[in-house]
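Participant: pasting the sequence and the predicted coordinates here, then a few questions.
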Amino acid sequence: MDQLDLLQGTLDMLILKAVSLGPLHGYGVLLRIQQISKERLEIQQGSLYPALYRLEHQGWIESEWGESENKRKAKYYRLTAAGKRRLQSEVEKWNTMAGVIAGILDSKPEEV
Amino acid sequence: MRFRARLASWLRGIFLRSQGEREMTAEIEAHIEARANDLMRNGTNREEALRRARIEFGGVENFKEECREARGLAFFDSLLQDLRFALRMLRKSPGFTAVAVLTLALGIGANTAIFSVVYSVLLRPLPYPHPDQLVSMFETNPEKGVKQTGSSYVDFAEWQKQNRTFSFIAAAQRHDLTFTGNGEPAELDTVVVTSDYFPLLGVKPIAGRFFTAEENKKGAAPVVIISENLWRGRFGSDPEIVGHAITLDQRPFTVVGIMPAGFRSPFFNETQDIWIPLAQDPLFSGWLERPGGHWLPVIGRVKAGVSRAQAQADMDLVSANLAKMFPAEDTGWTVHLNSLQREIAGNARTPLLILLGAVGLVLLIACANIANLLLARATSRGREMALRQALGAERGRIVRQLLTESALLGVLGGVAGILAGYWSIRALIPLLPSQLSQMQSVSLDGWVLAFALLLSAAACMGFGLAPALLAAESDVEANLKEGAARSGQGGRGHRARRLLAASEMALAVILIAGAGLFLRSFASLTAVNPGFNVAHIVKAEISLPRFQYSSPQQWNAFAKELLEGIQAQPGLQDSALVIPVPMADGQINLAFTIPGAPPPAPGTPSSADYVSVSPGYFRVMGIPLLRGRIFNDSDEATSPRVAIISEGLAQFYFPNQDPIGREIGINFPPDKSVVRRIVGIVADVHDVSLHKAPGPMVYVPYAQQPFWGSPVVVKTTQSASAVAAAVRQVVRGIDPNLPVTEVASMPDVLASSVAEPRFRTWLLGLFGVVALILATVGIFGVISYSVSCRTQEFGVRIALGASRGMIGRMVLRESLLLAAAGLSGGVVAALALAQFLKSQLYGVGASDPLTFAGTVALLLGVALAASYLPARRATRVDPIVALRYE
């Protein structure tokens, strides 16, 4: 199956979601998103980091240096309380939007 | 929470910058490493895996930059970059930097120094608790034309009793006492106070206590409070001094307290050694019961919550009561309340504000000058800016970079200015007339510093913004084109520079005309003939302790012996006694009456300055006798009372009559009126100040009106110190316990009487010179720049046959037009502003044509001189070179 380009503005939400399942380092975030999406999403790896820094700057995630699975130093990101609320509202917004758009796209001539 | 996170990440970014960078690199490296490891699991070799991991990651540096931006660090990054670049630019043109920083330092330094004086004299609250409650309470009598004068002790005591709105009312006067014991006898600066004086001011002694009400009654045991300085100096910080007696005027006074060194009684001179209760002073204690005198300055502390108007209404009521109690003395007199701070600042207010205005103008000129310099740089850097824009720099970014440069200049100038201000304050203090600096120390404190910083910030905004905006508006394409940097400059940049140079000219006119007016005023002030000999006159004073020398007979005997002793010295034959010494000691102004004359028209002053002199006085001082005779040795204490009047008094009160032989009644000594026969008329003299016209004066023989002090004037070719030594020797022969004080030469006395106007004139003159230099630099800069831009044009003109004279005239005309525009604006503004100087000018009008014409001529000349060099350069343009220049 072909990989999909990420929709504009959704990377932040995906990162928040990935981190909400447990603390991750940058590469871990990438792996988790790919794993959950069954490798169908194409993410430019470098673009993760500006997004992570932006989310941290806004206080939605926080970071801490720790040790990775293969005993290397890695920076772990974790969701904050504010981030949790943010994720929730983003998900709600997304679902509403997806529902509306799906409704529009599903519409048939006789329904209009 | 979110704000905190953002702040934390900013702070990390700013202060842990290198750590943040390291972490970012480490994080990205770790990512690539982890990815490569995953790739290696599929069998790829490490090198290939790393290569692919890097490709997948993308442009590391790009993402790093995005990360920095995401953290909100871009602003600081570019700020740092701008700062580094600005520093490099300033270092690269040290001449420009030095001129700009020096100019700015001059402007800010001068402003800081003057503002610190203004602040300490006019703005800083008095160093007493609740200073806003403190008022001066002077008596006024509009009918008699008396504006502000002291009250009598009787009135003062009634105010204390009858008022309802004051928590304290107290009074103080000055009268120096002679201290003996502990070394040389000395005259101590003494402030004589009522018992509430210290509690009113709310101060505390460093040891002991203040005076009780009982101690301010006649007959109480004498007590004294001494200053910390006297205690440390004279008494070697003797811890036992409180409770012990010291000898003042040959009488023991028990020390009850010590005042801290910083304490000063308002209104009196800088050094204050001791304070005693009013009722214990040998002089003033004699005047306590007499209503109607005006010798006691009173201050009050209004109760908390009472407005000035309420207090004034209260005192109006009290004055009305007093007029009923003492109709003869108090009718027509009311009390005027004024803020104590304003009263102390007194006459210094207007001159200080004028100085502040002038120094502000200097700063404006300095800013205009720097703006001009920056504009010139900005326009000549047009290519650079255009290139930056072409390479993708935003306009805002370029404006910011130029602003950073000027802000850096501003900071450098501000720091240098504050240092300069600090030094010039120290230089100013000894120059300040003593009344200005007496109350509070003038220093560079927080407020002054804040003022200076604000000033430099405003200044660099002022001179930095315009060039920055102008440069950013430059046309990219035009600027990039070959040659545009040279010939395309006739536009907005150059217009702005001409405008700046013209305004510098206008501001310089205001300053120079102002300085010129003050200079002319000062010249006419010092040209005033005081009416007596000044050269070779030396004065000195010997005060007699009143308890030892208690009777007028003793004073007379002492004075006679003293004068004979001095006249016996070689070179001191021409000496005389006079009290008070004109221009040095103030005046004794007394009411007089002329028996048999019709009552004077309302508004005519019926008082005269009263002077007691020995017969030789008029000869020594060279005051001409106009009619009648001068005093002689037969005008003794026991002979008929006589007086000599001044020409002014004679003309005013005896119009078309012969005053010789007529009588004049004078209310002195205070408790009796003495009628004297007029025996002579002498010419008028200035006895109080040079700028005040001489008033009526009455001279009386010293033998008939001796005092407990004997000021002598000596006409001699010897120096003041030689005279002092000789007089000291004579005095020691009569009484070794008497100090000789107040030794000064008459020229010095006159000079110090105009110290304040001189100080002011010098400062304004200095500002004027600075303005002149800056304006010259401004004009020179603009004209020479314009010449260099037009080199090619001149070349063409010369090639087409223009004479070199024509070219020179063209340049001069440009400069003259510029100057004329500035001058006409400046003259209009200066004429308007000069009206504020009116009250401060003597002998010259505020729109003095000579001053203004001189100013215009000077500035025109300067403008011509400043454009001479550029004009000469223009005439020397070689057409071949100029044309090939392209």
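Facilitator: Sure, I can see it. Numbering: from 1, shown residues only, chains lettered A, B, ... in the order given.
Participant: residues contacting B:Arg209?
Facilitator: Residues in contact with B:Arg209, defined by C-beta atoms under 8 Å, 6 or more residues apart in numbering or on different chains, are B:256-257. In short, each C-beta sits where N, CA and C put it, glycine included.
Participant: now do 10 Å
Facilitator: Counting by C-beta atoms under 10 Å, 6 or more residues apart in numbering or on different chains, B:Arg209 touches B:198, B:223, B:225, B:242, B:256-257.
Participant: of all those residues, which comes closest to B:Ala311?
Facilitator: B:Phe198 (21.1 Å; C-beta to C-beta).
Participant: list the helices and strands the helix or strand that closest one falls within packs on?
Facilitator: Element membership for B:Phe198 (DSSP states H and E) is helix B:197-201. Helices and strands touching helix B:197-201, by 3 or more C-beta pairs under 10 Å, 6 or more residues apart in numbering or on different chains; DSSP states H and E, are strand B:166-174, strand B:190-193, strand B:274-277, strand B:298-302.
Participant: so how far is it from its chain's centroid?
Facilitator: Relative to the centre of its chain, helix B:197-201 is centred 28 Å away, using C-alpha atoms, centre = their mean, to the nearest Å.
Participant: can you tell me what sits against it?
Facilitator: Applying C-beta under 10 Å, 6+ apart, the contact partners of helix B:197-201 are B:126-129, B:131, B:133-134, B:166-172, B:191, B:193-194, B:203-205, B:209-211, B:216, B:225, B:257, B:259, B:263, B:265-266, B:275, B:277-278, B:299-301, B:340.
Participant: re the thing from before, tell me the one of the contacts of B:Arg209 nearest B:Gly801?
Facilitator: Of all those, B:Gly801 sits closest to B:Phe198, with 89.7 Å by C-beta to C-beta.
Participant: so how far is B:Pro205 from that closest one?
Facilitator: 8 Å (C-beta to C-beta, to the nearest Å).
Participant: out of the contacts of B:Arg209, which comes closest to B:Phe652?
Facilitator: Closest to B:Phe652, out of all of those and judged by C-beta to C-beta, is B:Phe198, at 44.9 Å.
Participant: pick out the most distant pair among the contacts of B:Arg209.
Facilitator: Farthest pair in the contacts of B:Arg209, by C-beta to C-beta: B:Phe198 and B:Val242, 15.1 Å.
Participant: which one's more surrounded, the two?
Facilitator: When B:Phe198 and B:Val242 are compared for neighbours, B:Phe198 comes out ahead with 23 against 18, by other C-beta atoms under 10 Å in any protein chain shown.
Participant: ok, now how distant is the more buried one from B:Val298?
Facilitator: For B:Phe198, the distance to B:Val298 equals 15 Å [C-beta to C-beta].
Participant: kindly report the same for B:Asn529.
Facilitator: Distance from B:Asn529 to B:Val298, by C-beta to C-beta: 38 Å.
Participant: okay, these two: which has more neighbours?
Facilitator: B:Val298 (22 against 9).
Participant: I'd like the contacts of B:Arg209 laid out as TSV, including secondary structure and pLDDT.
Facilitator: Formatted as TSV, these follow (DSSP: H, G, I helix; E, B strand; the rest coil; pLDDT from 0 to 100):
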residue	secondary structure	pLDDT
B:Phe198	helix	94
B:Val223	strand	95
B:Ile225	strand	95
B:Val242	coil	92
B:Val256	strand	95
B:Gly257	strand	94
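Participant: closest to chain A out of those residues?
Facilitator: Checking these against chain A with C-beta to the nearest C-beta, the nearest one is B:Phe198 at 60.9 Å.
Participant: from B:Arg813, how far out is the closest one?
Facilitator: When distance is defined by C-beta to C-beta, B:Phe198 is 72 Å away from B:Arg813.
Participant: then B:Leu858?
Facilitator: From B:Leu858 to B:Arg813 the distance is 20 Å (C-beta to C-beta).
Participant: what about these two, which has more around it?
Facilitator: Using other C-beta under 10 Å, the more surrounded residue of B:Leu858 and B:Arg813 is B:Leu858, with 17 against 12.
Participant: excluding sequence neighbours, find me the nearest residue to that one.
Facilitator: B:Ile512 (6.7 Å; C-beta to C-beta, 6 or more residues apart in numbering or on different chains).
Participant: ok, that neighbour - how many residues close by?
Facilitator: 29.
Participant: show me what the one helix or strand it maps to is packed against.
Facilitator: Here B:Ile512, judged by DSSP H and E, is contained in helix B:492-526. The contact analysis (3+ C-beta pairs under 10 Å, 6+ apart) places helix B:492-526 against helix B:349-380, helix B:446-472, helix B:746-753, helix B:755-789, helix B:804-834, helix B:849-875.
Participant: go with 6 Å
Facilitator: Counting contacts by 3 or more C-beta pairs under 6 Å, 6 or more residues apart in numbering or on different chains; DSSP states H and E, helix B:492-526 is packed against helix B:349-380, helix B:755-789, helix B:804-834, helix B:849-875.
Participant: now the second one: average pLDDT?
Facilitator: The reference is to helix B:755-789. Throughout helix B:755-789, pLDDT has a mean value of 85.
Participant: what's the very next helix or strand once past it in contact with?
Facilitator: Sequence order places helix B:791-799 as the next helix or strand after helix B:755-789, per DSSP H and E. With C-beta atoms under 6 Å, 6 or more residues apart in numbering or on different chains as the test, helix B:791-799 has contacts from B:807, B:874, B:877, B:879, B:882-883, B:885.
Participant: out of those residues, who's the most crowded?
Facilitator: In terms of neighbour count, B:Ala874 stands highest of the contacts of helix B:791-799 at 28 neighbours, by other C-beta under 10 Å.
Participant: show me what contacts that residue?
Facilitator: So B:Ala874 contacts B:787, B:794, B:807, B:811 (C-beta under 6 Å, 6+ apart).
Participant: please work out how many residues are found near residue 89.
Facilitator: Went with chain A since none was named. Neighbours around A:Ser89, by other C-beta under 10 Å: 10.
Participant: other chain: chain B
Facilitator: Residues within reach of B:Met89, counting by other C-beta under 10 Å, total 18.
Participant: pLDDT wise, what is the closest residue to it other than its chain neighbours at?
Facilitator: Excluding its sequence neighbours, the residue lying closest to B:Met89 (C-beta to C-beta, 6+ apart) is B:Glu405, at 6.1 Å. For B:Glu405, the pLDDT comes out at 83.
Participant: center of the chain, which residue is that?
Facilitator: Here I'm looking at chain A. A:Leu14 (1.0 Å; C-alpha atoms, centre = their mean).
Participant: my bad, chain B
Facilitator: Centroid-nearest residue in chain B: B:Leu352, 4.9 Å away (criterion: C-alpha atoms, centre = their mean).
Participant: name the element the residue nearest to it when sequence neighbours are not counted belongs to?
Facilitator: In space, and not counting its chain neighbours, B:Leu352 is closest to B:Val118: 5.1 Å by C-beta to C-beta, 6+ apart. Assigned by DSSP H and E, B:Val118 belongs to helix B:94-118.
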